[in-house]
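Peer 1: Okay, predicted coordinates and the sequence, questions at the end:
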There are 2 protein chains.
Amino acid sequence: MTEVNPSIEFVSGFRVAGVHSGLKKNDALDMTLIFSEAPCVAAGVFTTNYMKAAPVLFDMEQLQGNKDHIRAVTINTKCANACTGDVGLANAREMARLTAEKIGCAVDEVLVMSTGVIGSQLPMDKITHGIELASASLGNNWSDAAAGIMTTDTRPKMASVKVTTPDGKTYNIAGIAKGAGMIAPNMATLLSVVVTDATLSVDTAKGVLQSASETTFNRVVVDGDMSTNDTLLLLANGLSGVTLQSPDDFTAFHEALAAVCRKLAQDIVRDGEGVTKFITLTVKGAPSPEAAHQIANTIATSPLVKTAFFGNDANWGRIVAAAGRAGIPIVPEHVKLWIAPGETEDFNLGSLLLFADGIPSGYGEEQASAIFKEASASILLDLGAGNGSATVWTCDLSHDYVSINGDYRS
Amino acid sequence: MTEVNPSIEFVSGFRVAGVHSGLKKNDALDMTLIFSEAPCVAAGVFTTNYMKAAPVLFDMEQLQGNKDHIRAVTINTKCANACTGDVGLANAREMARLTAEKIGCAVDEVLVMSTGVIGSQLPMDKITHGIELASASLGNNWSDAAAGIMTTDTRPKMASVKVTTPDGKTYNIAGIAKGAGMIAPNMATLLSVVVTDATLSVDTAKGVLQSASETTFNRVVVDGDMSTNDTLLLLANGLSGVTLQSPDDFTAFHEALAAVCRKLAQDIVRDGEGVTKFITLTVKGAPSPEAAHQIANTIATSPLVKTAFFGNDANWGRIVAAAGRAGIPIVPEHVKLWIAPGETEDFNLGSLLLFADGIPSGYGEEQASAIFKEASASILLDLGAGNGSATVWTCDLSHDYVSINGDYRS
């Protein structure tokens, strides 16, 4: 298992800033700029929502034309620049132009991201001010950069890995992310930028990002809502001097990237809106991995399952009921359900069998309740119908989720 | 529009009872028996959940063998008899046998329904006691019958229609239902029994029930969870002496049945767990009616949309964002979104255009908020992509929903 650092020390050639442009109240950081001294190979994974926000459409087009000399990413909070038509697209482009002007590069070398309320135009005076501030204060303060993209997140999300190659060289992979709400597993329900000073080809960057996101960002569920703005970017500037060559090099990079993405994705769940409980949910014995994932998502988005977690209620019937409505044929008599405390995939030790052979097992209600009272718990559902499996990370549904989202815009 | 009576006066030959068997605390009614003096043609629509409860499996098998001489339906609360294996099936059969013994008919003439917690066996001593009480107190107290099937419902749900035929004869259609939670639109997320004293053929009963449920019970969304126990039954005993013959007779019956089902379905939403707001949501201009329904369901189950309703927040961006992730291609520039106060399908008068041509319309925030503050509001989303339309009835997601479901079993 790759060791992941929950902070970011240094990635060669990348300089960042998180600033207060005036978008948020109370001097909170509300814009972030990520800058590379050298041109970057870049890849992106974007929301599959048909109502794509202007920055998503803009970035997709930028990356069509320029996959290997991206220099910066500018990110704002409070306004998603979604459902904003041609004016919104022009504003996204203007964000890029202002950034390019300040840092001295071409407009087509800048990507932009926005998060916040849907259906308002960007306040360009504040955006302009933020870009001026950020470009003047670029440095190594990754905590501020991570804080500058937060919305209802309660803490900044960062992760990094230092990889040492067989010949003793090192390179870094580091990422920041924001999440909290509108989190559903169909890439990439959040904003995240991952940077590396390793050298990557355009094709490698694209492939490895897609693959790593599939088993990390695409496996988290807070509320089942998918945003108009979700974007995950990977920038590689090569300034470590390390170029991936052997199959082992690629494997090591992939593992390190996935570890960074997994840490960020899990942190998004842990810091989801109103979350009090972290659930690791594994479905196995499904006809296919896709079927396992579909059942896991159905369980993870079930309001009845999520409120039971919140209430410390071992009401496992809701879990199998949700599994039964996922659209995948299952035979009740072949289904087995276990729970275990903590974050585990080992269901032999300390785990509790709740349901098997079509009937409740003879477990003790107190034992089950004790597990559901933990801050984290794990669930294993075995369908006994094949070799497909999938793990998702999810959370409970609490009063605070309702409060936060009943009152988001005020 | 057929006039629907929110209570039930009389349906020839049907006698009912709601009793306290001891399943619930505090002397609350917890079991219901519906009995017909004459054999009934019967039809059922059942949950499509693969984890079907024992009473669902039992009824499906009963109706395979006997579609035209059903005499009674026995219903219990507090225990769903789901995930209970062979013992559960034997208990469902025993419920039918005990009922048959008491009312003097054959076991294959009785149907059963259960609702409550999944994963516990029926307490047969209480069930036996309830059947004894109910069979001894059969009468015309439909309020008690409706109350005897309630779980987290706060009020009994009844509806009836008296139909006068062109030659001056009359017949009745009446139904009771329970809902409150685990309500999602894929038949039939609830328990409901509808009875009539008209004479129906087996084929007519089946067809008309399927058709009426499709546009009524299948169009309500409380939380998107589909139960293991959902069952809708139609019993027709013919004791009014009216037999449907002309096409107009069938149309009149269908309309009256749909009106009863619609009233019951809407009452389920109005009395959904923690509900403070009733939303009529129409999607039109979709490629097909199925596409319209899929988009409407995605919006209606979105936690972000539902919490915005709860918070009186006209955060319409969440509505179009949910529409965009429903899996149906839509072109943002062709989409139009209106809201209107109350329950309406007329979006010319008093309605507010929020979004069109890819951008927010120039509406006033105060006007929008005023509409979302109403106890009921209507939404019209026009995709501009075809002639498919669908209307669903849904509700908000409140603190009380979380409280009720975090603590359901205690």
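Peer 2: Happy to help now that I have it. None of these values were measured; they are calculated from a predicted model. Numbering: from 1, shown residues only, chains lettered A, B, ... in the order given.

Peer 1: What residues sit buried inside stretch A:63-73?
Peer 2: A:63, A:66, A:67, A:70, A:71, A:72, A:73 (16 or more other C-beta atoms under 10 Å in any protein chain shown). C-beta: built from backbone N, CA, C; applies to glycine.

Peer 1: Centre of the chain to it, how far?
Peer 2: Chain-centre distance of stretch A:63-73: 21 Å, with C-alpha atoms, centre = their mean, to the nearest Å.

Peer 1: Over to it now: how far is its first residue from its last?
Peer 2: Terminal residues of stretch A:63-73 lie 12 Å apart, using C-alpha to C-alpha, to the nearest Å.

Peer 1: The stretch 51-200 of chain A: helices as residue ranges?
Peer 2: A:54-65, A:85-103, A:124-136, A:142-147 (DSSP state H, counting those that start in this stretch).

Peer 1: residues in the stretch 201-350 of chain A within reach of chain B, list them.
Peer 2: A:223-228, A:301-304, A:307-308, A:310-313, A:315-318, A:320-325, A:328-333, A:335 (C-beta under 8 Å from any C-beta of the partner chain).

Peer 1: Throw together a PyMOL command that grabs the buried residues out of those.
Peer 2: Entered in PyMOL, the line below selects the buried ones among these, by 16+ other C-beta under 10 Å:
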select buried, chain A and resi 223+224+225+226+227+228+301+302+303+304+307+308+310+311+312+313+315+316+317+318+320+321+322+323+324+325+328+330+332+335
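
Peer 1: Tell me which of the residues of the stretch 201-350 of chain A next to chain B fall in helices.
Peer 2: A:301, A:303-304, A:307-308, A:310, A:317-318, A:320-324 (DSSP state H).

Peer 1: quick one on the thing from earlier: return the closest of the buried residues of stretch A:63-73 with respect to chain B.
Peer 2: The shortest gap between chain B and any of those belongs to residue A:63, at 20.4 Å (C-beta to the nearest C-beta).

Peer 1: what number of residues lie near the residue nearest to residue A:270 when sequence neighbours are not counted?
Peer 2: Excluding the flanking residues, the one nearest residue A:270 by C-beta to C-beta, 6 or more residues apart in numbering or on different chains is residue A:278, at 5.4 Å. By the measure other C-beta atoms under 10 Å in any protein chain shown, the count of residues near residue A:278 is 22.

Peer 1: How about residue A:61?
Peer 2: 14.

Peer 1: And it, how close does it get to chain B?
Peer 2: Distance of residue A:61 to chain B, computed by C-beta to the nearest C-beta, to the nearest Å: 16 Å.

Peer 1: Tell me which two of the ones in helices among the residues of the stretch 201-350 of chain A next to chain B sit farthest apart.
Peer 2: Spatial extent of these (C-beta to C-beta) is set by the pair A:310 and A:324 at 22.0 Å.

Peer 1: Output the ones in helices among the residues of the stretch 201-350 of chain A next to chain B as TSV; include the columns distance to residue A:375.
Peer 2: Formatted as TSV, these follow (distance: C-beta to C-beta, whole Å):
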residue	distance to residue A:375
A:301	21
A:303	21
A:304	21
A:307	17
A:308	16
A:310	12
A:317	23
A:318	20
A:320	24
A:321	25
A:322	22
A:323	24
A:324	28
